[in-house]
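structure for this input, please:
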Amino acid sequence: VGETVHLASGVNIPYYYAAVFAVAELGLSLITDWSSCRTLKDVDGTRSRMYGKIDYILEDRNDALNSQLFYRCQNLRNAKYGKNIITIDAFKNYQIKDHDLYAGMKDLVRCQPDHILVITASGGTTGDPTVVKETHSKIMLMSNYTSTNQNFEHEEKVMHTNNLHHGSSMCLYFLPSLFTCWQHYFCALDSPGRYKKFVDFCVSEKINRLFLFTSQLLEKFLNAVPKINYSLRILTLYQITPDFVKLIKEKGITSISSTFGDTTIGSMFFLKTATADTDLTTYSTSNMGKPLGDFYQFEIRDSLLYIKSDKLKLEWSTSNDKFGLIDGDYYFYGRANEFRIGEEWIHLGDIDEIGRAHV
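The predicted structure follows:
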């Protein structure tokens with residue numbers, strides 16, 4: 001209990017999620033959002049070193065991919081910071097050696113509500129990123145809260161396209177959908193040639209739920225999908241622009257919802273939803289709507305959003321987001337310490353670090 005595990009991004013998705021539950025049940029701690037290494041310099045970078053030595057790393061060994069610089073750097077980092085490297089093939093192909101021992105262990109659950117389930121990192125917008133640790137209790141409370149507010153239904157078909165390293169998807173989409181829905185599909189969008197098959201499959205099987213966490217993924221899907229005649233609700237982490245609203249109407253999409261939260265505080269402060277009935281003449285991209293019940297409490301101090309949660313036992317904290325309050329609706333006016341160009345966030349802390357390195 002308490003040992004750390006990182007599930008490398010390339011692993012086959014059904015086995016990846018099986019490993020997630022193994023980690024959770026055994027009381028281990030899952031390290032997510034471990035930044036990718038794209039160059040050899042990144043292997044020794046702050047974000048690679050920040051978790052120290054990791055007890056177990058499960059990785060996908062793919063000879064065709066390992067010749068690429070990105071995967072070579074990932075494997076070098078894993079070898080440097082992992083105490084034990086386990087390949088996905090060992091996980092998939094493992095054969096029980098002692099059936100009597102297995103019978104006594106197969107239902108073993110060692111986790112407790114106050115055990116650390118997830119270890120992740122803050123954005124590092126004001127300097128080096130910091131380690132954030134979340135307990136089983138907090139993960140479950142947030143997942144129940146987000147599940148209720150997204151109105152998942154038992155018969156809905158859920159598509160999973162990415163692992164838990166993207167946008168707190170554990171509390172926003174993966175666990176909430178599992179709580180209610182019984183049909184789950186997996187498709188890793190890791191090759192350009194697979195995308196058309198993915199879209200065709202979503203249409204032919206009438207998939208009802210999708211999590212497309214970036215604007216690029218959302219735009220690509222909306223442009224590729226034909227007009228549909230069944231219920232499809234899409235969740236994203238980015239703003240819903242008027243162009244997206246037009247595509248909702250054009251393609252027959254039931255709704256697109258954008259969730260707003262903070263890695264270091266909690267998931268889904270606000271959930272903005274656009275439908276075919278959304279009036280573009282009065283639509284405001286920055287209007288995030290009203291609070292979702294009393295799970296979080298909000299205040300705006302000096303134009304910054306402050307958040308508190310009695311249910312999570314969280315005291316007042318700021319997400320460093322600029323907000324305004326108009327007629328009970330909360331309006332997002334941007335980050336106080338970072339800027340975005342397209343899909344790329346520019347962190348003032350990173351700029352300061354570069355400046356210090358050149359002084």
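
the nearest residue to residue 221 once chain neighbours are set aside: neighbouring residues, count only.
Nearest non-adjacent residue to residue 221, counting by CB to CB, 6 or more residues apart in numbering: residue 212, 5.7 Å away. Yep, even glycine has a C-beta here, placed from its N, CA and C like the rest. Using other CB atoms under 10 Å, residue 212 has 22 other residues around it.

residue 233 is in contact with residue 212, correct?
No: taking contact to mean CB atoms under 8 Å, the distance of 11.2 Å between residue 212 and residue 233 leaves them out of contact.

from residue 326, how far off is residue 309?
Distance of residue 309 to residue 326, given as CB to CB, to the nearest Å: 24 Å.

now swap in residue 49 and tell me
44 Å.

again, but for residue 287
From residue 287 to residue 326 the distance is 8 Å (CB to CB).

compare the two (neighbour count), which wins?
residue 287 (17 against 9).

quick one: contacts for the more buried one?
Residue 287 sits next to 272, 326, 329, 330, 331 when contact means CB atoms under 8 Å, 6 or more residues apart in numbering.

what pLDDT does it get?
With respect to pLDDT, residue 287 scores 96.

can you give me the strands in the stretch 101-250 of the chain?
116-121, 131-135, 157-160, 183-186, 209-211, 233-236 (DSSP state E, counting those that start in this stretch).

average model confidence for stretch 17-31?
Here the average pLDDT along stretch 17-31 is 93.

contacting residues around residue 329?
287, 288, 289, 290.

low-scoring pLDDT stretches of the stretch 51-200 of the chain, where are they?
62-67, 123-128, 166-168, 190-192 (pLDDT under 70).

hmm, try it at 80
Along the stretch 51-200 of the chain, the parts satisfying pLDDT under 80 run over 60-68, 70, 122-129, 165-168, 188-193.

tell me what the longest strand anywhere in the chain is packed against?
For the chain, the longest strand by residue count, based on DSSP state E, is strand 314-326. Where contact means 3 or more CB pairs under 8 Å, 6 or more residues apart in numbering; DSSP states H and E, strand 314-326 is packed against strand 297-301, strand 304-309, strand 329-335.

hey, which of those is tucked in deepest?
Mean neighbour count (mean count of other CB atoms under 10 Å) peaks for strand 304-309 among those, with a mean of 19.

out of the strands of the stretch 101-250 of the chain, which is closest to residue 314?
Ranking those by proximity to residue 314 (CB to CB) places strand 131-135 first, at 11.4 Å.

could you dump the closest one to CSV, C-alpha only?
Taking Å, rounded to 0.1, in the frame of the first residue of the first chain, the C-alpha atoms of strand 131-135 are listed here in CSV:
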residue,chain,number,x,y,z
VAL,A,131,2.8,17.5,-6.7
VAL,A,132,-0.9,17.1,-6.0
LYS,A,133,-2.2,14.1,-4.1
GLU,A,134,-5.9,13.0,-4.1
THR,A,135,-7.5,10.4,-1.9
